[in-house]
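[1] Pasted the sequence and its predicted model underneath.
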Amino acid sequence: MPRSTHKSLRRKPKQARSLETVDVLLEAAARVLLARGYSAATTNRIAETAGVSVGTLYEYFENKNQLFEALIQREVGLIVAEVSSLPFDEGASVAEEIRALSFAAMKAVRYGPELFWALEHVPDAALRRSRNSARGVLIEKVREVLARHESELRVRDIRRAALLVVSAAEGIAINASNAEFDEQLAEEFITMLHSYLT
């Protein structure tokens, strides 16, 4: 599972106001990154967008890279948390459970795929590290769902099938535009998976 966003901070926020300040800074970083790109997303511009002084930003983050690494950890962590928290539904079919997982993951991608495209430009492969860490958790969640429905499936290797499901979802999320990343796309994805699995 991705590391907590707060572990990478210079100063650990303890009070509600400090947590709120960090959240405001991360939201501002996402907005500036989407509007201007990584090179133009300076700490001054992010602080101004957040409505705080640049000194306040530096209380929590040593530099721009640390700020964006925290943003990556938060965004990837939201997907993992949303999918991991889905309860098992004893009466649901495999298609219904895959649908629930897909919509939970999409709901967590709050800024759409374009934020993840922009985060690819953060140095030191920070996004790749967080994605790789999250992938294992997501594969295990899908594997558990598939294992419960093994009698419905035509696939025999549940672990491999879970890997393919998560990889296909990631591929679509990375390649779709924000305009394409909608309920219709999710339904087409679920239809494709249903054909593969059953």
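    Everything's here; your move.

[2] What is the burial count for residue 64?
    Other residues near residue 64 come to 19 when the count uses other CB atoms under 10 Å. Glycine gets a C-beta too; all of them are placed from N, C-alpha and C.

[3] now do residue 83
    Counted with other CB under 10 Å, residue 83 comes out at 22.

[4] quick one: low-confidence ranges for the protein?
    Counting by pLDDT under 70, the ranges of the chain that qualify are 1-15, 125.

[5] 50 instead?
    For the chain, applying pLDDT under 50 flags the ranges 1-4.

[6] And the residue located most distally from the centre of the chain, how close does it get to residue 158?
    In the chain, the greatest distance from the average C-alpha position (CA atoms, centre = their mean) is reached by residue 151, at 31.0 Å. Summarising the geometry, the distance separating residue 151 from residue 158, computed by CB to CB, to the nearest Å, is 12 Å.

[7] cool, and residue 109?
    Separation of residue 109 from residue 158 (CB to CB) stands at 26 Å.

[8] And residue 38, by the same measure?
    The gap separating residue 38 from residue 158 is 39 Å, by CB to CB.

[9] And these two? Which one has more around it.
    Of the pair residue 38 and residue 158, residue 158 is the one with more neighbours under other CB under 10 Å, namely 19 against 16.

[10] quick one: contacts for the more buried one?
    The contact partners of residue 158, by CB atoms under 8 Å, 6 or more residues apart in numbering, come to 143, 146, 147, 150.

[11] Setting the sequence-adjacent residues aside, check what's closest to the third one.
    Residue nearest to residue 147 in three dimensions, not counting chain neighbours: residue 158, with 5.4 Å by CB to CB, 6 or more residues apart in numbering.

[12] The last one too?
    The shortest distance from residue 150 to any residue other than its chain neighbours is 6.6 Å, reached at residue 158 (CB to CB, 6+ apart).

[13] show me what contacts the nearest residue to residue 178 once chain neighbours are set aside?
    Nearest non-adjacent residue to residue 178, counting by CB to CB, 6+ apart: residue 112, 3.5 Å away. If you count contacts by CB under 8 Å, 6+ apart, residue 112 has them with 177, 178, 181.

[14] nearest to residue 136, of the residues you listed?
    Out of the contacts of residue 112, the one with the shortest distance to residue 136 is residue 181. That distance is 23.8 Å, counting by CB to CB.
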